[in-house]
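K.L.:
sequence unknown, structure follows:
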């Protein structure tokens, strides 16, 4: 998706901001309130969001429907203007034109011209980025092979399944070889094999030094590949950190031991020393990202009922 230039943002066009070299995205009290019309109440879609995403990491942005995820993405892409606060993307204000060429974006619902084929779609997006013809063809060949559409490249997109449309959407998000890739529900509509391939591709992008911002309802996918995550609900940041930090249970400690007999388990510490057993790891027991997500969501629903 090609990102339009925001003409009336709060930031000065093209201004570079003094950020650490390892920061890809930073928001400072980022707030978006939609104006009221015809007596309706003012809607606060996002309230003082503060997150930092480092270059080269996979960052998961999670939240239920209506939590503010889409608003956050639109603010970062310069498609909406903040009511308060500011956001920086790759060291630039979100209205900077040049930075758009360094971003790849896969929206939740991709809208493609149905009578074009995969080659034509990628060639079209390549031209928008002013990529030379020979290079466009090379990139299209490589990407179609990588997303598993090489054999269907000449079929019109109207004949594509939902999963195939997601694949071509991922390819168009990468046609400009971006430094920052923003993916909204990238595995939606994919079968288990396609899901696994997409996760492998995201990990491959990370290995190339690229930054990935991932929004997904499939919490297991996020838990599998994300370095850090943030959960937002009702426009506010609930928690943020690494998977291990967020899921750690400080009241329970798991001790994983190898090469010990059943008898040795009765007196763990003494027997480990006497029997020279190997402690594989000692860490806090953790649950799943889904458990944490549902716990936060349930708590907010409970608080809402109390406030009524």
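P.N.:
Great, that's in hand. As the structure is a computational prediction, the values presented were derived from the model and not from experiment.
K.L.:
List of residues touching the top helix by length along the chain?
P.N.:
Counting residues, the longest helix in the chain under DSSP state H turns out to be helix 289-307. Here helix 289-307 makes contact (C-beta atoms under 8 Å, 6 or more residues apart in numbering) with 62, 64, 219-220, 222-223, 229, 231, 233-234, 238-239, 243, 246-247. Heads up, the C-betas are built off the backbone N, CA and C, glycines and all.
K.L.:
Just the buried residues of those residues.
P.N.:
62, 64, 219, 222-223, 229, 231, 233-234, 238, 243, 246-247 (16 or more other C-beta atoms under 10 Å).
K.L.:
which of those has the weakest pLDDT?
P.N.:
In terms of pLDDT, residue 247 ranks lowest among the buried ones among the contacts of helix 289-307, with 83.
K.L.:
In space, what's closest to that one - neighbours in sequence excluded?
P.N.:
Excluding the flanking residues, the one nearest residue 247 by C-beta to C-beta, 6 or more residues apart in numbering is residue 286, at 3.8 Å.
K.L.:
And for the one you found, the neighbour number?
P.N.:
For residue 286, the count of nearby residues is 17 (other C-beta atoms under 10 Å).
K.L.:
who does it bridge with?
P.N.:
Taking DSSP bridges as the rule, residue 286 bridges to residue 248.
K.L.:
Next one: it from residue 59, what distance?
P.N.:
19 Å (C-beta to C-beta, to the nearest Å).
K.L.:
How about residue 66?
P.N.:
Counting by C-beta to C-beta, the gap from residue 66 to residue 59 is 21 Å.
K.L.:
Model confidence for residue 210, exactly?
P.N.:
Residue 210 is assigned 96 on the pLDDT scale.
K.L.:
need the contact list for residue 65.
P.N.:
By C-beta under 8 Å, 6+ apart, residue 65 has no neighbours at all.
K.L.:
Just the mean pLDDT for the one helix or strand residue 74 maps to, thanks.
P.N.:
Taking DSSP states H and E as the definition, residue 74 sits inside helix 69-76. Averaging pLDDT along helix 69-76 yields 94.
K.L.:
tell me what it is packed against?
P.N.:
For helix 69-76, the helices and strands in contact under the criterion 3 or more C-beta pairs under 8 Å, 6 or more residues apart in numbering; DSSP states H and E are strand 23-34, strand 43-49, strand 58-62, strand 84-89, strand 180-184, strand 211-215.
K.L.:
Including distance to residue 192, could those strands go into TSV?
P.N.:
Below are these laid out as TSV (distance: least, C-beta to C-beta, whole Å):
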stretch	distance to residue 192
strand 23-34	30
strand 43-49	33
strand 58-62	20
strand 84-89	33
strand 180-184	18
strand 211-215	18
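K.L.:
Out of those strands, flag the one nearest residue 131.
P.N.:
Taking C-beta to C-beta, strand 180-184 is the member of the helices and strands packed on helix 69-76 nearest to residue 131, at 16.7 Å.
K.L.:
Return the angle between stretch directions for the closest one and strand 23-34.
P.N.:
Between strand 180-184 and strand 23-34, the angle comes out at 40 degrees (axes from the mean of the first three to the mean of the last three C-alpha atoms, to 10 degrees).
K.L.:
any idea how far strand 180-184 is from the chain center?
P.N.:
In terms of C-alpha atoms, centre = their mean, to the nearest Å, the centre of strand 180-184 is found 6 Å from the chain centre.
K.L.:
What pairs with that strand, parallel or antiparallel?
P.N.:
strand 103-106 (parallel), strand 211-215 (parallel).
K.L.:
For those strands, give me JSON lines that also has distance to residue 195.
P.N.:
Output for the strands paired with strand 180-184, formatted as JSON lines (distance: least, C-beta to C-beta, whole Å):
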{"stretch": "strand 103-106", "distance to residue 195": "15"}
{"stretch": "strand 211-215", "distance to residue 195": "13"}
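K.L.:
Mind checking which residue lies nearest the centre of this protein?
P.N.:
Nearest to the geometric centre of the chain sits residue 214, at 1.1 Å (C-alpha atoms, centre = their mean).
K.L.:
So if we follow the domain assignment, how does this protein break up?
P.N.:
23-244, 248-307 (automatic domain parsing).
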